[in-house]
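[1] this is the structure alone, sequence omitted:
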Ligand SMILES: Nc1ncnc2c1ncn2[C@@H]1O[C@H](COP(=O)(O)OP(=O)(O)OP(=O)(O)O)[C@@H](O)[C@H]1O
């Protein structure tokens, strides 16, 4: 069956009340009553003419959150409990209401698709348990992550604890897997809401000109439902995805940081559009791997049910963007997905019980890459009709010239009145025949170089496939023959593609560990660096340099530990004097906001003691603990100080020479920067400081406001004042 595409036109916002709505919902054909299934929008070049786009359903400005849920999402819950995976994603330009639709507001009426879905899941779970008199148990668990600048971050982790390079993703037995993602069981709606709200604080959002709370990332929520009977376990996953919106930066007036995010958002959406284009052209290679978002979404490759909610703004300022979204959605509705049910697994088969397996991405069962000719209800070109002009992807008609014509809306729109696309592909509009491609340079296809890059390997596969297809087409000389690749060739291509994918996956993961090792190296976190190199080793077992690096690091850490142990009883003045930083309670360099250059300097300035703090394992903690914690606060010595029960301040700064104004000395540029950011009172900026999350940023701003004491805008002038801020009191559990 096809991806179900529904459009939702949001109401005019406060600032738009004086503007015209140019996007409207209408029933199909010439009907004046009935549920709308067509979006109408004027041709930007000729206002008298209108474009019509037909979807499974269209919701106008009056549609409520309840309507969207009841008609579109509630029916998927039954399928979820029958073992099908479901994917619901919101697509649209920035500011069109994706987050409103998916997450919604706090009041009951405003709640979006996600909380309502969870509410239904819990209700149904309880019913199943009750009806089966407890012999069937249902467990619900969730994972939640974002793709920000093409990096995957666990939303259960506060930003300051994240590894900058993000979590790796890989294909595991045909499923897209995010490695190291947290999975949280949640047994009640209340528990879910707490987790969800808490995680949303960690999501990257910022103000842009078009949206005061614009999502800067794609957010993916996976809800795993595990039904266990005495003999079997069945797992299915509902994925709810709030995509970031495409942005026209001439309109958003984004500055540098927002531009970088925007470029990444636009790129991933562009790749998504390319994937959809490639699928609709029945190309054998779909560029899923060119962006993490498309890899995870795997549109057209995931089994189960897929619902796309296309969010639209009604106003003219979005005109071209809206048209582009409508075109994208129009292609997406033709994508076929296979409805494959997740089989129940026998509980007592050792190693096969997947109930304990993590939620991994969108639980996607991949099919081999091939045109979707094998799917039921595939949207194939009818060879009988190959001489006809392809039907347009959307229909155009003029209001001015043909007001009374009953055939005003072309047949495509009129025919497709039912919500479901008819089985007969001819009524849905045959796609243009796939382009014939000339065989590519034979040299390219015959050269075999083991050191080829990913791009060149992909280019080779492309060229090979296209050359074979083209040869085949040329010899047969019919467009229809494009559909039938000889079985043997297809089998070999699949095998080749799979081999390369597996190799690439392993290599990518290994490289990811190496990259993380480098990052830890730059930060001087030797134990973590070692851990990353050790994790990378299985991927490059023959790399001598890597082995040597591990040995050298192990040796270095051992020496440091010995040195530390031998110095342990040393309480001489000289030793105490060597640690002024501790006394000053300012161990941790703040700042993600610092530029790399500054960080480099800081690393160079670090005293041998600093290194020691970082590398020395916390007594009683194993190596693993150290790795987990050193992404946030780096200096473990702090933990010891804590155990004395003193309430310490957050140590978000450390200047080697820590000059203060009261001492008549100037602040270092870094300290000035911290003070400047804090004085900005902008939580968005403050949360970027390392060691300061969103909540802490708000607490700092509140504390600053309290400090005003009637006198507006008092400023922090030195580190001591900063240290006294209430928001900087570090919670014990965080250390
Ligand atoms: N159906 C609706 N009813 C009322 N208000 C809406 C509706 N849809 C969107 N809005 C409002 O429009 C504004 C933008 O919506 P939202 O943040 O959901 O957009 P978005 O598409 O998620 O944007 P971005 O891609 O930038 O994150 C918000 O203030 C939201 O409350």
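    Yes, it's here. Note that the structure is a prediction, hence the values are computed from the model and not measured.

[2] with adjacent residues omitted, what lies nearest to residue 293?
    Sequence neighbours aside, residue 268 is the residue nearest to residue 293 in space, at 4.2 Å (criterion: Cβ to Cβ, 6 or more residues apart in numbering). For glycine as for every other residue, the C-beta is placed from the backbone atoms N, C-alpha and C.

[3] residue 297 is in contact with that neighbour, correct?
    No. In this structure residue 268 lies outside contact range of residue 297 using Cβ atoms under 8 Å: 9.4 Å.

[4] measure stretch 173-191 end to end?
    Between the opening and closing residues of stretch 173-191 there is a gap of 32 Å (Cα to Cα, to the nearest Å).

[5] equivalent analysis for stretch 49-65, please.
    The separation between the terminal residues of stretch 49-65, taken as Cα to Cα, is 32 Å.

[6] do the same with stretch 246-265
    6 Å.

[7] now stretch 162-173
    As for stretch 162-173, its first-to-last residue distance stands at 27 Å under the measure Cα to Cα.

[8] what's the answer for stretch 30-48, then?
    End-to-end span of stretch 30-48 (Cα to Cα): 18 Å.

[9] pLDDT averaged over it - what is it?
    Per-residue pLDDT values over stretch 30-48 give a mean of 85.

[10] and it, which residues are buried?
    Of the residues in stretch 30-48, those scored as buried under the neighbour-count criterion (16 or more other Cβ atoms under 10 Å) are 36-42.

[11] as JSON lines, these with distance to the ligand would be great.
    Putting the buried residues of stretch 30-48 into JSON lines (distance: Cβ to the nearest ligand atom, whole Å) gives the following:
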{"residue": "36", "distance to the ligand": "15"}
{"residue": "37", "distance to the ligand": "19"}
{"residue": "38", "distance to the ligand": "19"}
{"residue": "39", "distance to the ligand": "15"}
{"residue": "40", "distance to the ligand": "19"}
{"residue": "41", "distance to the ligand": "18"}
{"residue": "42", "distance to the ligand": "22"}
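
[12] give me the element whichever residue of the stretch 601-735 of the chain sits closest to the ligand is part of.
    Proximity of the stretch 601-735 of the chain to the ligand (Cβ to the nearest ligand atom) peaks at residue 684, 14.5 Å away. Taking DSSP states H and E as the criterion, the element that holds residue 684 is helix 683-686.

[13] quick one: list the elements packing against that helix.
    With contacts defined as 3 or more Cβ pairs under 8 Å, 6 or more residues apart in numbering; DSSP states H and E, the secondary structure elements packing on helix 683-686 are helix 669-680, helix 694-708.

[14] check which residues of that helix are buried.
    Of the residues in helix 683-686, 683, 686 count as buried by neighbour count, 16+ other Cβ under 10 Å.

[15] same check, this time on stretch 155-164
    For stretch 155-164, the neighbour count (16+ other Cβ under 10 Å) marks 155-163 as buried.

[16] circling back to that earlier point, residue 268 and residue 297: who's more crowded?
    Relative neighbour count places residue 297 above the other of residue 268 and residue 297, with 28 against 24, counting by other Cβ atoms under 10 Å.

[17] go ahead and confirm the more buried one touches residue 88.
    No. Here residue 297 lies out of contact with residue 88, judged by Cβ under 8 Å, at a distance of 11.4 Å.

[18] can you check which residues contact both of the two?
    Between them, residue 297 and residue 88 share the neighbouring residues residue 241, with contact defined by Cβ atoms under 8 Å, 6 or more residues apart in numbering.

[19] in JSON lines: the buried residues of stretch 30-48, plus secondary structure and distance to residue 62.
    Written out in JSON lines, the entries for the buried residues of stretch 30-48 read as follows (DSSP: H, G, I helix; E, B strand; the rest coil; distance: Cβ to Cβ, whole Å):
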{"residue": "36", "secondary structure": "coil", "distance to residue 62": "11"}
{"residue": "37", "secondary structure": "coil", "distance to residue 62": "16"}
{"residue": "38", "secondary structure": "strand", "distance to residue 62": "16"}
{"residue": "39", "secondary structure": "strand", "distance to residue 62": "15"}
{"residue": "40", "secondary structure": "strand", "distance to residue 62": "16"}
{"residue": "41", "secondary structure": "strand", "distance to residue 62": "18"}
{"residue": "42", "secondary structure": "strand", "distance to residue 62": "21"}
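
[20] what does this protein put close to the ligand?
    By Cβ under 6 Å from any ligand atom, the residues of the chain that approach the ligand are 10-11, 13, 92, 94-100, 211, 213-215, 244-245, 311.
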